[in-house]
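Engineer: Just need the structure, nothing else, for what follows:
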Amino acid sequence: MGHVEVGHLTYVLPDGRPLLDDVSFRIGEGVKAALIGPNGAGKTTLLRLISGDLQPVEGSVANSGGLGVMRQFIGSIRDGRSVHDLLLSVAPVRVRQAAEKLAEVELLMMERDDEKTQLRYAQAITDYSDAGGYDIEVLWDTCTMAALGAPYDNVKYREVTTLSGGEQKRLVLEALLRGPDQTLLLDEPDNYLDVPGKLWLEQALRETPKTVLLVSHDRQLLANAADRIVTVEAGNIWVHGGGFATYVQARKDRNERLEELRRRWDEEHIKLKRLVNMLKQKATYNDGMAAAYHAAQTRLRKFVEAGPPELAAKDQQITMRLRGGRTGKRAVICENLELTGLMKPFDLEIWYGERVAVLGSNGSGKSHFLRLIAGEEIRHTGVARLGARVVPGHFAQTHARPELAKRTPCEIVMTEHARLRNEAMKILARYELAGTIAEQRFETLSGGQQARLQILLLELSGATLLLLDEPTDNLDLASAEALQEGLDSFAGTVLAVTHDRWFAADFDRYLVFGADGRVYEAPEPVWDEGRVERVR
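Structural biologist: From the prediction side, this is the model:
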(Lines give C-alpha, C1' and ligand atoms only; values in the text may rest on other atoms or scores of the structure.)
Protein backbone atom coordinates (compact mmCIF):
# COMPACT_ATOMS: atom_id res chain seq x y z
CA MET A 1 0.00 0.00 0.00
CA GLY A 2 1.14 3.55 -0.65
CA HIS A 3 0.64 7.06 0.61
CA VAL A 4 1.49 10.68 -0.30
CA GLU A 5 2.52 13.33 2.21
CA VAL A 6 3.27 16.96 1.41
CA GLY A 7 4.77 19.13 4.15
CA HIS A 8 4.99 22.96 4.10
CA LEU A 9 5.57 23.03 0.36
CA THR A 10 6.34 26.36 -1.29
CA TYR A 11 6.87 26.81 -5.02
CA VAL A 12 7.71 29.91 -7.04
CA LEU A 13 7.37 30.02 -10.82
CA PRO A 14 10.48 30.70 -12.92
CA ASP A 15 9.32 34.28 -13.49
CA GLY A 16 9.25 34.89 -9.72
CA ARG A 17 5.51 34.59 -9.15
CA PRO A 18 4.53 32.57 -6.05
CA LEU A 19 2.20 29.69 -6.94
CA LEU A 20 1.99 27.49 -3.82
CA ASP A 21 2.59 28.81 -0.30
CA ASP A 22 3.25 26.53 2.70
CA VAL A 23 1.04 23.71 1.40
CA SER A 24 0.55 20.62 3.58
CA PHE A 25 -1.73 17.58 3.23
CA ARG A 26 -1.66 13.78 3.41
CA ILE A 27 -3.36 11.12 1.28
CA GLY A 28 -3.55 7.91 3.28
CA GLU A 29 -3.30 4.32 2.13
CA GLY A 30 -6.01 3.27 -0.31
CA VAL A 31 -7.62 6.72 -0.46
CA LYS A 32 -8.93 8.03 -3.79
CA ALA A 33 -8.42 11.81 -3.65
CA ALA A 34 -9.34 14.31 -6.35
CA LEU A 35 -7.26 17.45 -6.83
CA ILE A 36 -9.47 20.26 -8.12
CA GLY A 37 -9.35 24.03 -8.52
CA PRO A 38 -9.35 26.79 -11.14
CA ASN A 39 -7.27 26.42 -14.29
CA GLY A 40 -3.75 27.66 -13.56
CA ALA A 41 -4.09 27.33 -9.78
CA GLY A 42 -1.22 24.83 -9.66
CA LYS A 43 -2.79 21.36 -9.81
CA THR A 44 -0.45 19.98 -12.45
CA THR A 45 2.53 21.74 -10.85
CA LEU A 46 1.67 20.12 -7.52
CA LEU A 47 1.59 16.67 -9.14
CA ARG A 48 4.96 17.41 -10.79
CA LEU A 49 6.39 18.40 -7.41
CA ILE A 50 5.15 15.15 -5.88
CA SER A 51 6.53 13.10 -8.79
CA GLY A 52 9.91 14.83 -8.55
CA ASP A 53 9.74 16.50 -11.97
CA LEU A 54 10.03 19.86 -10.17
CA GLN A 55 11.78 20.87 -6.97
CA PRO A 56 10.11 23.10 -4.35
CA VAL A 57 11.65 26.25 -2.89
CA GLU A 58 10.85 24.89 0.56
CA GLY A 59 9.08 21.91 2.05
CA SER A 60 9.15 18.18 1.54
CA VAL A 61 7.34 15.43 -0.35
CA ALA A 62 7.16 11.78 0.66
CA ASN A 63 5.46 8.75 -0.84
CA SER A 64 5.59 4.99 -0.48
CA GLY A 65 4.80 1.84 -2.42
CA GLY A 66 6.30 3.00 -5.71
CA LEU A 67 5.00 5.97 -7.71
CA GLY A 68 3.19 5.63 -11.04
CA VAL A 69 2.52 8.86 -12.95
CA MET A 70 0.16 9.76 -15.80
CA ARG A 71 1.01 13.22 -17.11
CA GLN A 72 -1.55 15.64 -18.50
CA PHE A 73 -0.55 15.54 -22.16
CA ILE A 74 0.69 12.03 -22.84
CA GLY A 75 0.03 12.64 -26.54
CA SER A 76 2.51 15.54 -26.68
CA ILE A 77 5.42 13.36 -27.71
CA ARG A 78 8.18 13.33 -30.26
CA ASP A 79 7.61 11.85 -33.70
CA GLY A 80 8.29 8.15 -34.04
CA ARG A 81 7.59 7.16 -30.45
CA SER A 82 6.07 3.69 -30.27
CA VAL A 83 3.55 1.89 -28.08
CA HIS A 84 6.52 0.16 -26.44
CA ASP A 85 8.07 3.55 -25.63
CA LEU A 86 4.81 4.82 -24.16
CA LEU A 87 4.36 1.76 -21.93
CA LEU A 88 7.98 1.91 -20.88
CA SER A 89 7.57 5.57 -19.85
CA VAL A 90 5.08 4.54 -17.12
CA ALA A 91 6.93 1.40 -16.04
CA PRO A 92 8.76 1.20 -12.67
CA VAL A 93 12.08 3.05 -12.53
CA ARG A 94 14.22 -0.11 -12.45
CA VAL A 95 12.57 -1.43 -15.62
CA ARG A 96 13.02 1.89 -17.42
CA GLN A 97 16.69 2.13 -16.50
CA ALA A 98 17.41 -1.47 -17.51
CA ALA A 99 15.53 -1.00 -20.80
CA GLU A 100 17.54 2.13 -21.63
CA LYS A 101 20.84 0.28 -21.08
CA LEU A 102 19.60 -2.65 -23.18
CA ALA A 103 18.62 -0.31 -26.02
CA GLU A 104 22.05 1.37 -25.91
CA VAL A 105 23.85 -1.96 -26.19
CA GLU A 106 21.54 -3.10 -29.01
CA LEU A 107 22.51 0.01 -30.98
CA LEU A 108 26.16 -0.70 -30.26
CA MET A 109 25.70 -4.28 -31.52
CA MET A 110 24.64 -2.87 -34.89
CA GLU A 111 28.00 -1.07 -35.17
CA ARG A 112 30.27 -3.86 -33.94
CA ASP A 113 29.73 -7.45 -32.91
CA ASP A 114 32.89 -8.27 -30.97
CA GLU A 115 33.13 -10.46 -27.88
CA LYS A 116 33.18 -7.52 -25.46
CA THR A 117 29.98 -6.10 -26.92
CA GLN A 118 28.32 -9.52 -26.85
CA LEU A 119 29.17 -9.86 -23.17
CA ARG A 120 27.72 -6.40 -22.48
CA TYR A 121 24.61 -7.39 -24.40
CA ALA A 122 24.21 -10.61 -22.40
CA GLN A 123 24.61 -8.66 -19.15
CA ALA A 124 22.06 -6.06 -20.27
CA ILE A 125 19.54 -8.82 -21.03
CA THR A 126 20.15 -10.34 -17.59
CA ASP A 127 19.72 -6.95 -15.88
CA TYR A 128 16.49 -6.30 -17.80
CA SER A 129 15.15 -9.70 -16.76
CA ASP A 130 16.17 -9.18 -13.12
CA ALA A 131 14.43 -5.79 -13.09
CA GLY A 132 11.20 -7.48 -14.16
CA GLY A 133 11.26 -6.32 -17.78
CA TYR A 134 10.06 -9.56 -19.37
CA ASP A 135 7.44 -10.04 -16.67
CA ILE A 136 6.04 -6.59 -17.31
CA GLU A 137 5.87 -7.30 -21.05
CA VAL A 138 3.43 -10.11 -20.21
CA LEU A 139 1.39 -7.50 -18.32
CA TRP A 140 1.59 -5.13 -21.29
CA ASP A 141 0.04 -7.83 -23.47
CA THR A 142 -3.01 -7.77 -21.22
CA CYS A 143 -3.04 -3.95 -21.37
CA THR A 144 -2.87 -3.72 -25.17
CA MET A 145 -5.61 -6.34 -25.53
CA ALA A 146 -7.86 -4.35 -23.19
CA ALA A 147 -7.07 -0.91 -24.67
CA LEU A 148 -6.35 -1.65 -28.35
CA GLY A 149 -7.81 -5.10 -28.92
CA ALA A 150 -4.49 -6.54 -30.09
CA PRO A 151 -1.55 -8.44 -28.53
CA TYR A 152 1.49 -6.47 -27.44
CA ASP A 153 3.77 -8.09 -30.03
CA ASN A 154 1.44 -6.91 -32.80
CA VAL A 155 1.35 -3.24 -31.74
CA LYS A 156 4.57 -2.56 -29.83
CA TYR A 157 6.22 -0.81 -32.82
CA ARG A 158 3.11 1.13 -33.79
CA GLU A 159 3.58 4.89 -33.53
CA VAL A 160 1.65 6.46 -30.65
CA THR A 161 0.55 9.29 -32.92
CA THR A 162 -1.62 6.78 -34.80
CA LEU A 163 -3.66 6.16 -31.64
CA SER A 164 -6.56 8.37 -30.64
CA GLY A 165 -6.26 10.42 -27.46
CA GLY A 166 -8.64 8.02 -25.74
CA GLU A 167 -6.67 4.96 -26.80
CA GLN A 168 -3.48 6.49 -25.46
CA LYS A 169 -5.12 7.31 -22.11
CA ARG A 170 -6.75 3.89 -21.76
CA LEU A 171 -3.46 2.13 -22.52
CA VAL A 172 -1.52 4.09 -19.91
CA LEU A 173 -4.28 3.68 -17.33
CA GLU A 174 -4.38 -0.08 -17.89
CA ALA A 175 -0.61 -0.24 -17.37
CA LEU A 176 -0.64 1.86 -14.19
CA LEU A 177 -3.69 0.25 -12.58
CA ARG A 178 -2.39 -3.25 -13.30
CA GLY A 179 1.26 -2.42 -12.58
CA PRO A 180 3.25 -2.82 -9.35
CA ASP A 181 3.31 0.84 -8.23
CA GLN A 182 0.98 1.33 -5.25
CA THR A 183 0.66 5.14 -5.42
CA LEU A 184 -0.71 6.71 -8.60
CA LEU A 185 -0.70 10.34 -9.73
CA LEU A 186 -3.20 10.77 -12.57
CA ASP A 187 -3.41 14.16 -14.31
CA GLU A 188 -6.80 14.35 -16.03
CA PRO A 189 -7.01 10.60 -16.74
CA ASP A 190 -10.56 10.88 -18.09
CA ASN A 191 -9.68 13.33 -20.87
CA TYR A 192 -10.35 11.83 -24.33
CA LEU A 193 -12.01 8.75 -22.83
CA ASP A 194 -15.44 7.94 -24.20
CA VAL A 195 -18.24 7.41 -21.68
CA PRO A 196 -17.82 3.61 -21.52
CA GLY A 197 -14.14 4.32 -20.85
CA LYS A 198 -15.06 6.76 -18.09
CA LEU A 199 -17.41 4.22 -16.54
CA TRP A 200 -14.62 1.66 -16.67
CA LEU A 201 -12.24 4.14 -15.01
CA GLU A 202 -14.75 4.96 -12.27
CA GLN A 203 -15.16 1.27 -11.45
CA ALA A 204 -11.40 0.61 -11.65
CA LEU A 205 -10.69 3.45 -9.22
CA ARG A 206 -13.30 2.19 -6.78
CA GLU A 207 -11.95 -1.36 -6.90
CA THR A 208 -8.18 -0.78 -6.84
CA PRO A 209 -6.50 -0.97 -3.43
CA LYS A 210 -3.93 1.57 -4.61
CA THR A 211 -3.66 5.13 -3.33
CA VAL A 212 -4.71 7.56 -6.05
CA LEU A 213 -4.40 11.34 -6.37
CA LEU A 214 -6.05 12.51 -9.57
CA VAL A 215 -6.92 15.75 -11.34
CA SER A 216 -10.29 15.82 -13.08
CA HIS A 217 -13.00 18.30 -14.08
CA ASP A 218 -15.63 15.63 -14.78
CA ARG A 219 -18.20 16.09 -12.06
CA GLN A 220 -19.78 12.69 -12.60
CA LEU A 221 -16.45 10.91 -12.28
CA LEU A 222 -15.59 12.92 -9.17
CA ALA A 223 -18.91 12.02 -7.58
CA ASN A 224 -18.55 8.32 -8.42
CA ALA A 225 -14.87 7.69 -7.68
CA ALA A 226 -13.38 10.23 -5.22
CA ASP A 227 -13.73 9.97 -1.43
CA ARG A 228 -11.55 13.03 -0.69
CA ILE A 229 -11.48 16.42 -2.41
CA VAL A 230 -8.22 18.40 -2.26
CA THR A 231 -8.77 21.97 -3.47
CA VAL A 232 -6.00 24.23 -4.80
CA GLU A 233 -6.98 27.90 -4.91
CA ALA A 234 -5.27 31.22 -4.17
CA GLY A 235 -1.97 29.45 -3.49
CA ASN A 236 -3.38 27.35 -0.65
CA ILE A 237 -4.75 23.87 -0.10
CA TRP A 238 -7.76 22.70 1.83
CA VAL A 239 -9.18 19.18 2.07
CA HIS A 240 -12.84 18.17 2.13
CA GLY A 241 -13.09 14.81 3.87
CA GLY A 242 -16.32 13.86 2.11
CA GLY A 243 -17.06 13.14 -1.54
CA PHE A 244 -17.95 15.51 -4.35
CA ALA A 245 -21.68 15.32 -3.62
CA THR A 246 -21.19 17.50 -0.52
CA TYR A 247 -18.27 19.54 -1.84
CA VAL A 248 -20.09 22.59 -3.21
CA GLN A 249 -21.89 23.22 0.10
CA ALA A 250 -18.69 22.52 2.06
CA ARG A 251 -16.81 25.14 0.02
CA LYS A 252 -19.59 27.67 0.50
CA ASP A 253 -19.64 27.06 4.27
CA ARG A 254 -15.85 27.31 4.45
CA ASN A 255 -15.74 30.60 2.57
CA GLU A 256 -18.46 32.04 4.81
CA ARG A 257 -16.42 31.05 7.89
CA LEU A 258 -13.27 32.61 6.43
CA GLU A 259 -15.11 35.83 5.59
CA GLU A 260 -16.51 36.02 9.12
CA LEU A 261 -13.08 35.39 10.66
CA ARG A 262 -11.55 38.04 8.41
CA ARG A 263 -14.27 40.54 9.37
CA ARG A 264 -13.63 39.91 13.06
CA TRP A 265 -9.88 40.23 12.54
CA ASP A 266 -10.30 43.56 10.76
CA GLU A 267 -12.57 44.83 13.56
CA GLU A 268 -10.06 43.78 16.23
CA HIS A 269 -7.22 45.38 14.26
CA ILE A 270 -9.08 48.68 14.12
CA LYS A 271 -9.83 48.54 17.86
CA LEU A 272 -6.18 47.88 18.75
CA LYS A 273 -4.93 50.73 16.56
CA ARG A 274 -7.46 53.09 18.13
CA LEU A 275 -6.40 51.97 21.59
CA VAL A 276 -2.69 52.54 20.79
CA ASN A 277 -3.40 56.02 19.38
CA MET A 278 -5.53 56.95 22.39
CA LEU A 279 -2.91 55.77 24.91
CA LYS A 280 -0.17 57.51 22.93
CA GLN A 281 -1.98 60.82 23.25
CA LYS A 282 -2.58 60.32 26.97
CA ALA A 283 1.05 59.25 27.57
CA THR A 284 2.26 62.61 26.20
CA TYR A 285 0.86 64.46 29.22
CA ASN A 286 0.49 61.60 31.75
CA ASP A 287 3.61 59.58 32.57
CA GLY A 288 1.44 57.02 34.35
CA MET A 289 -0.03 55.93 30.98
CA ALA A 290 3.36 55.06 29.43
CA ALA A 291 3.31 51.45 30.61
CA ALA A 292 -0.21 50.91 29.26
CA TYR A 293 0.81 52.54 25.95
CA HIS A 294 3.85 50.24 25.52
CA ALA A 295 1.76 47.19 26.46
CA ALA A 296 -0.84 48.13 23.80
CA GLN A 297 1.92 48.62 21.22
CA THR A 298 3.28 45.14 21.98
CA ARG A 299 -0.18 43.63 21.73
CA LEU A 300 -0.79 45.30 18.34
CA ARG A 301 2.61 44.22 17.04
CA LYS A 302 2.05 40.57 18.00
CA PHE A 303 -1.47 40.70 16.55
CA VAL A 304 -0.15 41.96 13.20
CA GLU A 305 2.77 39.51 13.20
CA ALA A 306 0.36 36.61 13.70
CA GLY A 307 -1.32 37.77 10.51
CA PRO A 308 -4.91 37.79 9.34
CA PRO A 309 -6.97 34.65 8.66
CA GLU A 310 -6.84 33.12 5.19
CA LEU A 311 -8.82 35.05 2.59
CA ALA A 312 -11.76 33.26 1.01
CA ALA A 313 -11.01 32.47 -2.64
CA LYS A 314 -12.92 34.60 -5.11
CA ASP A 315 -15.23 32.93 -7.59
CA GLN A 316 -14.10 33.09 -11.21
CA GLN A 317 -15.80 35.58 -13.53
CA ILE A 318 -15.44 34.35 -17.12
CA THR A 319 -17.45 35.89 -19.96
CA MET A 320 -17.32 34.41 -23.46
CA ARG A 321 -18.90 36.48 -26.25
CA LEU A 322 -19.15 34.05 -29.13
CA ARG A 323 -21.02 36.00 -31.82
CA GLY A 324 -21.11 34.10 -35.11
CA GLY A 325 -23.17 35.44 -38.01
CA ARG A 326 -25.83 34.58 -40.54
CA THR A 327 -24.94 31.95 -43.16
CA GLY A 328 -26.76 29.95 -45.79
CA LYS A 329 -29.52 27.64 -44.59
CA ARG A 330 -27.30 24.58 -44.96
CA ALA A 331 -24.06 24.93 -43.01
CA VAL A 332 -22.51 21.48 -43.64
CA ILE A 333 -23.30 19.04 -46.45
CA CYS A 334 -21.92 15.50 -46.58
CA GLU A 335 -22.77 13.16 -49.47
CA ASN A 336 -21.66 9.53 -49.44
CA LEU A 337 -18.76 10.62 -47.22
CA GLU A 338 -16.28 8.01 -46.05
CA LEU A 339 -13.06 8.61 -44.14
CA THR A 340 -10.75 5.91 -45.43
CA GLY A 341 -10.59 2.99 -43.04
CA LEU A 342 -12.62 4.67 -40.31
CA MET A 343 -16.29 4.65 -41.25
CA LYS A 344 -18.85 3.55 -43.78
CA PRO A 345 -20.28 6.10 -46.26
CA PHE A 346 -22.97 8.39 -44.87
CA ASP A 347 -25.00 11.48 -45.79
CA LEU A 348 -25.52 14.46 -43.52
CA GLU A 349 -27.01 17.93 -43.60
CA ILE A 350 -26.50 20.39 -40.75
CA TRP A 351 -28.61 23.52 -40.84
CA TYR A 352 -27.74 27.02 -39.72
CA GLY A 353 -28.11 27.49 -35.97
CA GLU A 354 -28.14 23.80 -35.06
CA ARG A 355 -26.12 22.29 -32.23
CA VAL A 356 -24.90 18.84 -33.22
CA ALA A 357 -23.00 16.59 -30.81
CA VAL A 358 -20.73 13.97 -32.34
CA LEU A 359 -20.62 10.88 -30.13
CA GLY A 360 -19.08 7.44 -30.34
CA SER A 361 -16.24 5.21 -29.36
CA ASN A 362 -12.61 6.30 -29.41
CA GLY A 363 -10.84 5.72 -32.70
CA SER A 364 -14.06 5.78 -34.72
CA GLY A 365 -13.07 8.88 -36.70
CA LYS A 366 -14.83 11.74 -34.91
CA SER A 367 -11.79 14.00 -34.64
CA HIS A 368 -10.78 13.26 -38.23
CA PHE A 369 -14.28 14.22 -39.34
CA LEU A 370 -14.03 17.61 -37.62
CA ARG A 371 -10.57 18.20 -39.09
CA LEU A 372 -11.90 17.44 -42.56
CA ILE A 373 -14.77 19.91 -42.12
CA ALA A 374 -12.22 22.47 -40.82
CA GLY A 375 -10.36 22.21 -44.14
CA GLU A 376 -7.47 19.88 -43.30
CA GLU A 377 -6.19 17.28 -45.75
CA ILE A 378 -7.85 14.08 -44.52
CA ARG A 379 -8.10 11.01 -46.74
CA HIS A 380 -11.71 10.49 -47.76
CA THR A 381 -14.13 9.69 -50.55
CA GLY A 382 -17.43 11.38 -51.25
CA VAL A 383 -18.30 15.01 -50.60
CA ALA A 384 -17.88 17.20 -47.51
CA ARG A 385 -18.48 20.91 -48.09
CA LEU A 386 -19.61 24.02 -46.31
CA GLY A 387 -22.59 26.21 -47.07
CA ALA A 388 -22.57 29.82 -48.19
CA ARG A 389 -20.80 32.30 -45.88
CA VAL A 390 -19.79 29.53 -43.47
CA VAL A 391 -16.48 30.33 -41.78
CA PRO A 392 -15.18 27.36 -39.74
CA GLY A 393 -13.33 27.75 -36.46
CA HIS A 394 -11.61 24.64 -35.09
CA PHE A 395 -10.86 23.84 -31.44
CA ALA A 396 -8.16 21.14 -31.44
CA GLN A 397 -8.49 18.20 -29.04
CA THR A 398 -4.79 17.99 -28.15
CA HIS A 399 -4.12 21.77 -28.12
CA ALA A 400 -1.51 21.13 -30.82
CA ARG A 401 -1.00 24.73 -31.98
CA PRO A 402 2.65 25.08 -33.04
CA GLU A 403 1.93 28.50 -34.53
CA LEU A 404 1.17 29.78 -31.00
CA ALA A 405 4.33 28.38 -29.39
CA LYS A 406 6.76 30.86 -27.80
CA ARG A 407 4.14 33.62 -27.98
CA THR A 408 2.16 35.14 -25.14
CA PRO A 409 -1.64 35.51 -25.09
CA CYS A 410 -1.25 39.28 -25.32
CA GLU A 411 1.02 39.00 -28.37
CA ILE A 412 -1.28 36.48 -30.01
CA VAL A 413 -4.39 38.62 -29.61
CA MET A 414 -2.60 41.76 -30.77
CA THR A 415 -0.85 40.29 -33.82
CA GLU A 416 -3.60 37.92 -34.96
CA HIS A 417 -6.45 40.38 -34.55
CA ALA A 418 -4.86 43.84 -34.76
CA ARG A 419 -5.80 44.88 -31.24
CA LEU A 420 -4.19 47.61 -29.20
CA ARG A 421 -2.50 46.36 -26.04
CA ASN A 422 -5.07 47.87 -23.66
CA GLU A 423 -7.91 46.46 -25.73
CA ALA A 424 -6.24 43.03 -25.87
CA MET A 425 -5.79 42.99 -22.09
CA LYS A 426 -9.47 43.85 -21.56
CA ILE A 427 -10.50 40.97 -23.81
CA LEU A 428 -8.11 38.57 -22.05
CA ALA A 429 -9.51 39.68 -18.69
CA ARG A 430 -12.95 38.36 -19.70
CA TYR A 431 -11.35 34.93 -19.97
CA GLU A 432 -9.28 35.41 -16.78
CA LEU A 433 -6.14 35.42 -18.91
CA ALA A 434 -4.97 38.96 -18.11
CA GLY A 435 -2.26 40.11 -15.71
CA THR A 436 0.83 37.93 -15.52
CA ILE A 437 -0.89 35.11 -17.46
CA ALA A 438 -1.09 37.38 -20.51
CA GLU A 439 2.72 37.58 -20.54
CA GLN A 440 3.37 33.82 -20.33
CA ARG A 441 4.30 31.81 -23.39
CA PHE A 442 1.51 29.61 -24.75
CA GLU A 443 3.30 26.34 -23.96
CA THR A 444 3.71 27.33 -20.29
CA LEU A 445 -0.02 27.88 -19.77
CA SER A 446 -2.06 25.21 -18.02
CA GLY A 447 -4.24 22.95 -20.17
CA GLY A 448 -7.34 24.87 -19.12
CA GLN A 449 -5.75 28.25 -19.86
CA GLN A 450 -4.73 27.01 -23.31
CA ALA A 451 -8.30 25.85 -23.88
CA ARG A 452 -9.75 29.22 -22.83
CA LEU A 453 -7.32 31.03 -25.14
CA GLN A 454 -8.35 28.80 -28.04
CA ILE A 455 -12.00 29.65 -27.41
CA LEU A 456 -11.12 33.35 -27.24
CA LEU A 457 -9.40 33.09 -30.63
CA LEU A 458 -12.55 31.48 -32.02
CA GLU A 459 -14.52 34.44 -30.65
CA LEU A 460 -12.20 36.93 -32.36
CA SER A 461 -11.96 35.00 -35.64
CA GLY A 462 -15.53 35.69 -36.72
CA ALA A 463 -16.24 31.99 -37.18
CA THR A 464 -19.84 31.13 -38.03
CA LEU A 465 -19.32 27.36 -37.62
CA LEU A 466 -17.65 26.18 -34.41
CA LEU A 467 -15.93 22.80 -34.68
CA LEU A 468 -15.18 21.85 -31.09
CA ASP A 469 -13.18 18.71 -30.32
CA GLU A 470 -13.60 17.84 -26.63
CA PRO A 471 -13.70 21.52 -25.58
CA THR A 472 -14.53 20.88 -21.90
CA ASP A 473 -11.81 18.30 -21.20
CA ASN A 474 -9.34 20.74 -19.63
CA LEU A 475 -11.79 23.42 -18.52
CA ASP A 476 -12.56 23.86 -14.85
CA LEU A 477 -16.20 23.97 -13.82
CA ALA A 478 -16.57 27.76 -14.05
CA SER A 479 -14.99 27.83 -17.52
CA ALA A 480 -17.18 24.99 -18.79
CA GLU A 481 -20.29 26.79 -17.58
CA ALA A 482 -19.10 30.00 -19.26
CA LEU A 483 -18.59 28.09 -22.52
CA GLN A 484 -22.11 26.70 -22.36
CA GLU A 485 -23.52 30.19 -21.80
CA GLY A 486 -21.42 31.50 -24.69
CA LEU A 487 -22.74 28.79 -27.02
CA ASP A 488 -26.32 29.57 -25.99
CA SER A 489 -25.92 33.11 -27.34
CA PHE A 490 -23.80 32.14 -30.39
CA ALA A 491 -25.53 33.12 -33.67
CA GLY A 492 -24.13 30.30 -35.74
CA THR A 493 -23.77 26.53 -35.99
CA VAL A 494 -21.96 24.25 -33.54
CA LEU A 495 -20.54 20.81 -34.27
CA ALA A 496 -18.86 19.31 -31.19
CA VAL A 497 -17.18 16.02 -30.39
CA THR A 498 -17.74 15.30 -26.71
CA HIS A 499 -17.78 12.61 -24.05
CA ASP A 500 -19.02 15.09 -21.43
CA ARG A 501 -22.41 13.82 -20.30
CA TRP A 502 -23.39 17.18 -18.81
CA PHE A 503 -22.23 19.24 -21.82
CA ALA A 504 -24.00 17.01 -24.38
CA ALA A 505 -27.41 17.46 -22.76
CA ASP A 506 -27.84 20.92 -24.35
CA PHE A 507 -27.42 19.84 -27.98
CA ASP A 508 -30.20 19.54 -30.60
CA ARG A 509 -28.99 16.53 -32.58
CA TYR A 510 -26.73 13.55 -31.90
CA LEU A 511 -24.54 12.09 -34.63
CA VAL A 512 -23.22 8.71 -33.51
CA PHE A 513 -20.08 7.06 -34.90
CA GLY A 514 -20.68 3.40 -34.16
CA ALA A 515 -17.94 0.93 -33.36
CA ASP A 516 -18.84 -1.06 -36.49
CA GLY A 517 -18.26 1.94 -38.77
CA ARG A 518 -21.87 3.02 -39.18
CA VAL A 519 -22.71 6.71 -38.76
CA TYR A 520 -26.29 7.53 -37.80
CA GLU A 521 -28.42 9.97 -35.87
CA ALA A 522 -30.06 9.28 -32.52
CA PRO A 523 -32.77 11.23 -30.68
CA GLU A 524 -30.72 11.37 -27.47
CA PRO A 525 -27.10 10.77 -26.40
CA VAL A 526 -25.79 7.27 -27.06
CA TRP A 527 -22.97 6.32 -24.73
CA ASP A 528 -22.62 2.53 -24.84
CA GLU A 529 -22.03 0.09 -27.66
CA GLY A 530 -24.98 -2.15 -26.73
CA ARG A 531 -27.29 0.75 -27.23
CA VAL A 532 -25.63 1.62 -30.53
CA GLU A 533 -26.76 -1.69 -31.93
CA ARG A 534 -30.36 -1.26 -30.72
CA VAL A 535 -30.86 2.30 -31.98
CA ARG A 536 -30.76 1.27 -35.63
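
Engineer: which stretches of the stretch 351-500 of the chain have low pLDDT?
Structural biologist: Across the stretch 351-500 of the chain, the ranges flagged by pLDDT under 70 are 397-400.

Engineer: Which parts of it are strands?
Structural biologist: With DSSP state E, counting those that start in this stretch as the criterion, the stretch 351-500 of the chain has strands at 355-360, 380-386, 392-395, 465-469, 493-497.

Engineer: Quick one: residues contacting the closest residue to Ala99 other than its chain neighbours.
Structural biologist: Excluding the flanking residues, the one nearest Ala99 by CB to CB, 6 or more residues apart in numbering is Leu88, at 5.5 Å. For every residue, glycine as well, the C-beta is placed using N, CA and C. Applying CB atoms under 8 Å, 6 or more residues apart in numbering to Leu88 gives the contacts Val95, Arg96, Ala99.

Engineer: which of these count as buried?
Structural biologist: Taking 16 or more other CB atoms under 10 Å as the criterion, what is buried in the contacts of Leu88 is Val95, Ala99.

Engineer: Turn the contacts of Leu88 into a markdown table, columns for distance to Glu376 and secondary structure.
Structural biologist: Output for the contacts of Leu88, formatted as a markdown table (distance: CB to CB, whole Å; DSSP: H, G, I helix; E, B strand; the rest coil):
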| residue | distance to Glu376 | secondary structure |
| --- | --- | --- |
| Val95 | 38 | helix |
| Arg96 | 36 | helix |
| Ala99 | 36 | helix |
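
Engineer: Adding distance to Asp266, write the strands of the stretch 351-500 of the chain out as CSV.
Structural biologist: As requested, the strands of the stretch 351-500 of the chain are arranged in CSV below (distance: least, CB to CB, whole Å):
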stretch, distance to Asp266
strand 355-360, 48
strand 380-386, 59
strand 392-395, 44
strand 465-469, 45
strand 493-497, 47
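
Engineer: Let's have the ones you listed in JSON lines, adding distance to Val160 and mean neighbour count.
Structural biologist: Listed next are the strands of the stretch 351-500 of the chain as JSON lines, based on distance: least, CB to CB, whole Å; neighbours: other CB atoms under 10 Å:
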{"stretch": "strand 355-360", "distance to Val160": "21", "mean neighbour count": "23"}
{"stretch": "strand 380-386", "distance to Val160": "24", "mean neighbour count": "15"}
{"stretch": "strand 392-395", "distance to Val160": "22", "mean neighbour count": "21"}
{"stretch": "strand 465-469", "distance to Val160": "18", "mean neighbour count": "25"}
{"stretch": "strand 493-497", "distance to Val160": "20", "mean neighbour count": "24"}
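
Engineer: Which one, of the ones you listed, ends up nearest to Leu119?
Structural biologist: Closest to Leu119 of those is strand 465-469 (CB to CB; 51.8 Å).

Engineer: In the chain, which helix is the longest?
Structural biologist: helix 247-285 (DSSP state H).

Engineer: Which elements pack onto it?
Structural biologist: strand 228-233, strand 236-240, helix 290-306 (3 or more CB pairs under 8 Å, 6 or more residues apart in numbering; DSSP states H and E).

Engineer: tell me the angle of the longest one relative to helix 247-285?
Structural biologist: What that stands for is helix 290-306. Put simply, helix 290-306 runs at 150 degrees to helix 247-285, going by axes from the mean of the first three to the mean of the last three CA atoms, to 10 degrees.

Engineer: same for helix 290-306, what does it pack against?
Structural biologist: Partner elements for helix 290-306 (3+ CB pairs under 8 Å, 6+ apart): helix 247-285.

Engineer: Let me see the mean pLDDT of the helix it packs on.
Structural biologist: Mean pLDDT, helix 247-285: 92.

Engineer: List the buried residues for that helix?
Structural biologist: Tyr247, Ala250, Arg251, Arg254, Leu258, Leu272, Leu275, Val276, Leu279, Ala283.

Engineer: Make a markdown table out of those and add distance to Ile427.
Structural biologist: Listed next are the buried residues of helix 247-285 as a markdown table, based on distance: CB to CB, whole Å:
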| residue | distance to Ile427 |
| --- | --- |
| Tyr247 | 32 |
| Ala250 | 34 |
| Arg251 | 29 |
| Arg254 | 33 |
| Leu258 | 32 |
| Leu272 | 44 |
| Leu275 | 49 |
| Val276 | 47 |
| Leu279 | 53 |
| Ala283 | 56 |
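
Engineer: quick one: which of those residues is nearest Glu188?
Structural biologist: Tyr247 (18.0 Å).
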